[in-house]
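S.K.: let's see this in three dimensions:
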Amino acid sequence: MVKRYLNLTLKNSLGFTLVEALISVAIVSIIGLMVTTLLARTFESNTKTRLLGIVKQNGQNALNFMDNAIRQADSVVCVGNGSTGSVLPDDQTAPANYVGDTIVVKNSNTYTRIQILATSSVNGSIRTDAPLWNDTKTTEYKLCDTSPNPLTSQMLVNTDSGIAVNLSSTKPFTLNRVVGPKDVVQIYFELRSTGSNTDFENSIVGNQIFQTTVVLR
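M.R.: Coordinates of the predicted model:
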């Protein structure tokens, strides 16, 4: 009897069996996987919130500036494609829809020019300036041609901070001009996270759309 008791005691003191060890490893692995997944989701959520905040703040600030500048203007001088040097016809009365990446508005004798550029190779830009025009009023529409009259670059969106203007098929500015009613300008642009951020961070934010419709006062 004593011998049998000693044998059982000796067997139990040898530790876990192989099956017990495997079960223990499996349980620890499952718990580790659950903790890792939870931490990854928390990190992803925090990163997305941070990046979205940066993109939306930059985009909304730019949109507010454009809305105010256009709404308070006396007239829309021109809308054109300043990046390629082409300018829409200088017709101040005929009904038409003008589209482009550059817009110039006039308030009293002060011009405000805004340009939204997006390319596939660089981060693009949203810029504004207050150009001077000493020529006649009939030629002031040439201010939309930025090839001979480049912007003096006050950045509305800081593309050096990991934000880019997304390349879109929709032109940033659409001027709806009809005889009688006031001009109506539609603004559209997309921003995305890029640059110093990782591909993972960029992929969880996506393109953010900013748009509004402005009626001149």
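S.K.: C-alpha only now, for contacts and for neighbours.
M.R.: Fine.
S.K.: can I get the CA coordinates of stretch 32-42 in PDB?
M.R.: This file holds the C-alpha atoms of stretch 32-42, laid out as PDB (Å, rounded to 0.1, in the frame of the first residue of the first chain):
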ATOM      1  CA  GLY A  32      -2.700  36.300 -27.000                       C
ATOM      2  CA  LEU A  33      -4.400  36.500 -30.400                       C
ATOM      3  CA  MET A  34      -7.500  38.100 -28.800                       C
ATOM      4  CA  VAL A  35      -5.400  40.700 -27.000                       C
ATOM      5  CA  THR A  36      -3.400  41.500 -30.100                       C
ATOM      6  CA  THR A  37      -6.600  41.900 -32.200                       C
ATOM      7  CA  LEU A  38      -8.100  44.200 -29.600                       C
ATOM      8  CA  LEU A  39      -5.000  46.300 -29.500                       C
ATOM      9  CA  ALA A  40      -4.700  46.500 -33.300                       C
ATOM     10  CA  ARG A  41      -8.400  47.600 -33.600                       C
ATOM     11  CA  THR A  42      -7.900  50.200 -30.900                       C
END
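S.K.: give me the helices and strands touching the top strand by length along the chain, please.
M.R.: For the chain, the strand with the greatest residue count under DSSP state E is strand 184-193. Under the contact criterion of 3 or more CA pairs under 8 Å, 6 or more residues apart in numbering; DSSP states H and E, strand 184-193 touches helix 18-71, strand 163-165, strand 173-177, helix 199-205, strand 208-215.
S.K.: quick one, it and strand 208-215 angle?
M.R.: Between strand 184-193 and strand 208-215, the angle comes out at 170 degrees (axes from the mean of the first three to the mean of the last three CA atoms, to 10 degrees).
S.K.: quick one: contacts of strand 184-193?
M.R.: 51, 55, 59, 70, 116, 162-168, 170-177, 201-202, 205-216 (CA atoms under 8 Å, 6 or more residues apart in numbering).
S.K.: buried subset of the residues you listed?
M.R.: Applying 16 or more other CA atoms under 10 Å to these, the neighbour count classes 51, 55, 59, 70, 116, 162-167, 171-177, 201-202, 205-208, 210-211, 214-216 as buried.
S.K.: now Lys171, what are its backbone angles?
M.R.: Backbone torsions for Lys171, taken as degrees, to the nearest 10, come to phi -70, psi 140.
S.K.: swap in Leu132?
M.R.: Backbone dihedrals for Leu132, given as degrees, to the nearest 10, come out at phi -100, psi 140.
S.K.: ok, the residue nearest in space to the middle of the chain to Arg113 distance?
M.R.: Taking CA atoms, centre = their mean, the centroid of the chain lies closest to Leu191, which sits 1.4 Å from it. From Leu191 across to Arg113, the span is 20 Å (CA to CA, to the nearest Å).
S.K.: go on, Gly124?
M.R.: 17 Å.
S.K.: again with Met34
M.R.: Using CA to CA, one gets 54 Å for the distance from Met34 to Arg113.
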